[in-house]
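J.: Provide a 3D model corresponding to the input given below.
(chains A and B)
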Amino acid sequence: MCCSSSIARDKALMGAPEAFDISAVKGMKFFDPHVHMTSRTTDDYQAMADAGVVALIEPAFWLGQPRTGLDSFRDYYSSLIGWERFRSSQFGIKHYCTIGLNSREANNESLAEQVMEILPLFVYKEGVVGVGEIGFDDQTAAEEKYYRLQLELAKEAGLPVQVHTPHRDKKKGTQRSMDIALEHGLDPYSVIIDHNNEETVKEVLDRGFWAAFTIYPFTKMGNERMVEIVKQYGSERIMVNSAADWGISDPLAVPKTAALMKMHGLSNQDIELVTYGNAIKAFAQSGQLDEADFNATIDLTEKFEGNTILRGGQQPRTDKSSIIIS
Amino acid sequence: MKAINEIIGAVVKNNISVEAQKWLDDFIQTTDQSALLARVFVMLPRKTGKLPVAISDDQQEVLDTAGFGYIRSWTVDRLSRVWLLAGLKMNDKELLSAAINRLFLSAEVNEAVALYSALPFLPYPEIWIKRCAEGIRSNIGSVLEAIMENNPYAAANLDEAAWNQLVLKAFFTDKDINLIVGLDHRANLKLALTLVDYAHERWAAGREVHPQLWRLVGKFINAEIFETLKTGLQHYNQVEQRAIALAISQSDYQPAKDYINTFPELKLALADGSLNWNSF
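T.: Okay, the predicted model is just below:
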């Protein structure tokens, strides 16, 4: 038998917890360019808004449970541009999305074929700022096929591409993702390579792509490591996201990382670029993202197809410290 | 396989009520299994209960010899479901494939565990290859365990790419590497190189490397991999050092063997034969 699980060992290496002091980044604005809000609660939206997140991008992804039919995909894509966008707006957070067929489900080829047929109906919708998240998971032939087809779709639609790089065999998978994007004639400046780490970042930047980093406990980057990355590589074409989803993840990863950067003496300009400005610049190439739209006033009486998240005259903000729920 | 199915059938019957036995017999005797399968498969735990199985010593001995001794850790519903699927009287390949795929499509977690556990017992092993690769994409721990641990199907049937994904994912999700059937037998250069990259990634992140990883690298040591092993030996912890030493002792790469001899402690541990992969 092996020693205890590596998560337990990784936790032991983390040392004593330190409180998140939001005041370090008070007044700063943040943009989380990768967060799966359909998997999160209204409490998360509230906490993100309170911490200064003013806009986000929700990439289309795998829901944990593989879909077995086309309509599940259609309804999911519709929810990203419909109900979820509305839910977000209730907290004053501007919601964008990227649309694509994720790598895992690309392996279900008969379904993938049908999904490819409906993607053009969605990528031209307002507020769709890219094709994503697409790329490799197992690095199978089917994954490559649908990655290539979607790169062509992005090119045709003039949209940036948000590339998911694999957990396993990451270094080679990342190189291969970039090779293929270049082979299809995409400008690396329109391609955001996501989930980088210390082993991939140099090549991604050297080849002219955007390098996104996911701050996600245990399995991806920790934010202390992120501070070191920015110290070493600077802030050009680097962005930070939470990729918060149905797993143990943190929707405040972007503001927390900004606070940690501040504590470690990084300049305000660098922090602003990697937690806000760079992602906006990269995805604004879609023509569908305008910073001026971020500060829209919150209309709590607004309804989406007759529904509102505020039920029965509920007050917009609940007092979490109260035992009474009324 | 027929003899094994018979023993498993006997174990199942010893572990369920007379009523449940009758219920299962009714299904087995019916002429239209495909129409009833889904309902019986889903409803089964209500009839059998979900207690761990009890197996007699004689039965266990036969199962151990055949390589299926591991079913001792199963619950009775899991074993009954596997036995039910293994004994289906659907000789037509298409019919069987359609019936079982229908179960996969709407399986809850315990059903999925039983379905993947049944793969080594099903006829036409080639038709379940894609399904098995799909299962490895799951993020549900018990489903992954059903495929990766104590299951001979994957090693016997998956192509190299899918096999490598299984092993990598087992490391990534903290499965018990010692329980992967066919692990050493299916070691390959491509997997070894990917694992070496993974070790670098873990070190760069300030994380430990699973000692069993080196077991799959040993056979393929070349000049480049040797450099990585040196890094591991020089900078990292004792468990990793010992695992690397063991991997090198099982390789034919002489410079690495000579290098190990410069570490008196490791040299000693190898010489007294106390190191083996079960110790990690």
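J.: Please enumerate residues in contact with whichever strand or helix holds residue B:59?
T.: In this assignment (DSSP states H and E), residue B:59 forms part of helix B:57-66. Outside of helix B:57-66, the residues that reach it under the criterion C-beta atoms under 8 Å, 6 or more residues apart in numbering or on different chains are B:3, B:4, B:7, B:10, B:11, B:55, B:69, B:71, B:72. In this view, the C-beta of every residue, glycine as well, is placed from N, C-alpha and C.
J.: Can you turn the buried part of these into a PyMOL selection?
T.: The command below creates a PyMOL selection of those among the contacts of helix B:57-66 that count as buried (16 or more other C-beta atoms under 10 Å in any protein chain shown):
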select buried, chain B and resi 4+7+11+55+69+71+72
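J.: Next, give me the two most distant ones among the contacts of helix B:57-66.
T.: B:3 and B:72 (17.6 Å; C-beta to C-beta).
J.: What is the nearest of the contacts of helix B:57-66 to residue A:107?
T.: Closest to residue A:107, out of all of the contacts of helix B:57-66 and judged by C-beta to C-beta, is residue B:71, at 29.9 Å.
J.: Near chain A, which residues of chain B are found?
T.: B:105, B:133-134, B:136-137, B:139, B:161-162, B:165, B:168-169, B:172, B:174, B:176-178, B:194, B:197-198, B:200-201, B:204-208, B:210-212, B:239, B:278, B:280 (C-beta under 8 Å from any C-beta of the partner chain).
J.: For the stretch 101-250 of chain B, just list every one of the helices.
T.: For the stretch 101-250 of chain B, the helices defined by DSSP state H, counting those that start in this stretch occupy B:109-118, B:129-136, B:141-148, B:153-157, B:160-172, B:189-204, B:223-235, B:238-249.
J.: Give the residue farthest from the middle of chain B.
T.: The C-alpha centroid of chain B is most remote from residue B:262, which lies 37.2 Å away (C-alpha atoms, centre = their mean).
J.: Can you name the residues of the stretch 51-200 of chain A sitting close to chain B?
T.: Within reach of chain B by C-beta under 8 Å from any C-beta, the stretch 51-200 of chain A has these residues: A:64, A:66, A:68, A:104, A:107-108, A:137-140, A:167-172, A:197-199.
J.: ah, wrong one, I meant the stretch 201-326 of chain A
T.: Residues of the stretch 201-326 of chain A lying near chain B by C-beta under 8 Å from any C-beta: A:219, A:221, A:222, A:225, A:247.
J.: which of the residues you listed sit farthest apart?
T.: A:225 and A:247 (18.8 Å).
J.: where does the residue farthest from the centre of chain B land in three-state SS?
T.: coil (DSSP: H, G, I helix; E, B strand; the rest coil).
J.: Tell me the predicted confidence for it.
T.: Looking at residue B:262, its pLDDT reads 93.
J.: roughly how far apart are the closest residue to residue A:290 other than its chain neighbours and residue A:277?
T.: Of all residues not flanking residue A:290 in the chain, residue A:284 sits nearest, at 7.2 Å (C-beta to C-beta, 6 or more residues apart in numbering or on different chains). Using C-beta to C-beta, to the nearest Å, residue A:284 is found at 10 Å from residue A:277.
J.: For the two, work out which one has more neighbours and name it.
T.: Ranked by neighbour count (other C-beta atoms under 10 Å in any protein chain shown), residue A:284 and residue A:277 place residue A:277 first, with 17 against 14.
J.: and residue A:97, that's in a helix?
T.: No - counting by three-state DSSP, residue A:97 is not part of a helix but strand.
J.: where does chain A have low pLDDT?
T.: A:1-17, A:296-301, A:308-316 (pLDDT under 70).
J.: buried ones in stretch B:108-122?
T.: The neighbour-count check on stretch B:108-122 (16+ other C-beta under 10 Å) flags B:110-122 as buried.
J.: The residue nearest to residue A:290 reaches residue A:292, doesn't it?
T.: No - with contacts counted by C-beta atoms under 8 Å, residue A:284 stays clear of residue A:292, the gap being 11.0 Å.
J.: Could you pull out the residues contacting both of the two?
T.: Residues touching both residue A:284 and residue A:292 (C-beta under 8 Å, 6+ apart): none.
J.: Tell me how many other residues crowd residue B:105.
T.: For residue B:105, the number of neighbouring residues by other C-beta under 10 Å comes to 10.
J.: Which pLDDT does the model give it?
T.: You'll see residue B:105 listed with a pLDDT of 93.
J.: Only whichever of the residues of chain B next to chain A are buried, select them in PyMOL.
T.: Buried members of the residues of chain B next to chain A, identified by 16+ other C-beta under 10 Å, are gathered into one PyMOL selection as follows:
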select buried, chain B and resi 133+134+136+137+162+165+168+169+174+177+194+197+198+200+201+205+207+208+210+211+212+239+280
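J.: got a list of what residue 249 touches?
T.: Since you didn't name a chain, this refers to chain A. Taking C-beta under 8 Å, 6+ apart, one finds A:216, A:217, A:242, A:243 in contact with residue A:249.
J.: actually chain B
T.: B:218, B:257, B:260, B:270, B:275.
J.: Could you tell me how many residues sit around the first one?
T.: Other residues within reach of residue B:218, judged by other C-beta under 10 Å, total 23.
J.: which residues touch it?
T.: Contacts of residue B:218 by C-beta under 8 Å, 6+ apart are B:246, B:247, B:248, B:249, B:250, B:251.
J.: From the residues you listed, list the buried ones, please.
T.: B:246, B:247, B:248, B:249, B:251.
J.: Now do the same for residue A:214: helix, strand or coil?
T.: Classified using three-state DSSP, residue A:214 is strand.
J.: State the distance from it to chain B.
T.: Distance of residue A:214 to chain B, given as C-beta to the nearest C-beta, to the nearest Å: 13 Å.
J.: beta partners for that residue?
T.: residue A:241 (DSSP bridges).
J.: how many neighbours does the residue nearest to residue A:325 when sequence neighbours are not counted have?
T.: Once flanking residues are discounted, residue A:325 sits nearest to residue A:318: 7.4 Å by C-beta to C-beta, 6+ apart. Other residues lying near residue A:318 total 13 when counted by other C-beta under 10 Å.
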